[in-house]
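Novice: Got a sequence here, can you model it:
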Amino acid sequence: MIDDSSARKYINHLSTTNYQLSSNYMAYWLVKSEPFKYSWDQFVKDGTTFWDGVRNYAARNNLRDMKRGDQVFFYHSNEGLEIVGIAKVAKEAYQDPTTEEEAWLAVDLKPVRKLKQPVALKTIKADPRLQQMALLRLGRLSVQPVTAEEWDIILQYEKGG
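Specialist: Predicted coordinates:
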């Protein structure tokens, strides 16, 4: 888990970048899942899922900020270490059904498409344009914002370059 100081610094960074969290703009996100627990293929088979079990306040706040229609990268963590697909937010934040604690939220996600070519963490790390990406700066955070520029760069890699 990240410490409170790191989270505060990162939140301050977000406020000075081009993250689009206004309801007038589509925002971009990344969610992580260990493939042996919940893989992209299972997600596609299910057709929709609720993203629950988040117990980190910074990740929870990101769930809270997600709006219907926002685009989401689906990242395989621990094994694979790659972005494998694109989902969209189908339902905005609501009480996490896996707990009675009001502090925790869930959102519904729906798969959009599998990436033609997964984008590996090592590829992201090697690109100087992506050095401020939350995936690199706050690697343990399970729900992360992605800037429009980062989104576009990742999609370029999907196409082979």
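Novice: Longest strand in this protein, please.
Specialist: The residue-count maximum for a strand in the chain (DSSP state E) belongs to strand 105-120.
Novice: Buried residues, the helix or strand following that one. List them.
Specialist: Per DSSP states H and E, the first helix or strand lying C-terminal to strand 105-120 is helix 121-126. Using 16 or more other CB atoms under 10 Å as the test for burial, helix 121-126 gives Leu121, Ile124. All C-beta atoms are positioned from the backbone trio N, CA, C, and that covers glycine.
Novice: which helices and strands sit right next to the following helix or strand past helix 121-126?
Specialist: Sequence-wise, the next helix or strand downstream of helix 121-126 (DSSP H and E) is helix 134-137. For helix 134-137, the packing partners by 3 or more CB pairs under 8 Å, 6 or more residues apart in numbering; DSSP states H and E come out as helix 4-15, helix 121-126, strand 143-146.
Novice: quick check: mean pLDDT across the first one?
Specialist: Okay, so that is helix 4-15. Helix 4-15 carries an average pLDDT of 49.
Novice: Ok, the second one next?
Specialist: Rounded to a whole number, the mean pLDDT of helix 121-126 is 97.
Novice: just the CA coordinates of it, formatted as PDB?
Specialist: Presented in PDB, the C-alpha positions along helix 121-126 are these (Å, rounded to 0.1, in the frame of the first residue of the first chain):
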ATOM      1  CA  LEU A 121       4.800  -2.900 -18.300                       C
ATOM      2  CA  LYS A 122       8.400  -3.000 -19.500                       C
ATOM      3  CA  THR A 123       7.200  -1.200 -22.700                       C
ATOM      4  CA  ILE A 124       5.500   1.500 -20.600                       C
ATOM      5  CA  LYS A 125       8.600   1.800 -18.300                       C
ATOM      6  CA  ALA A 126      10.900   2.300 -21.400                       C
END
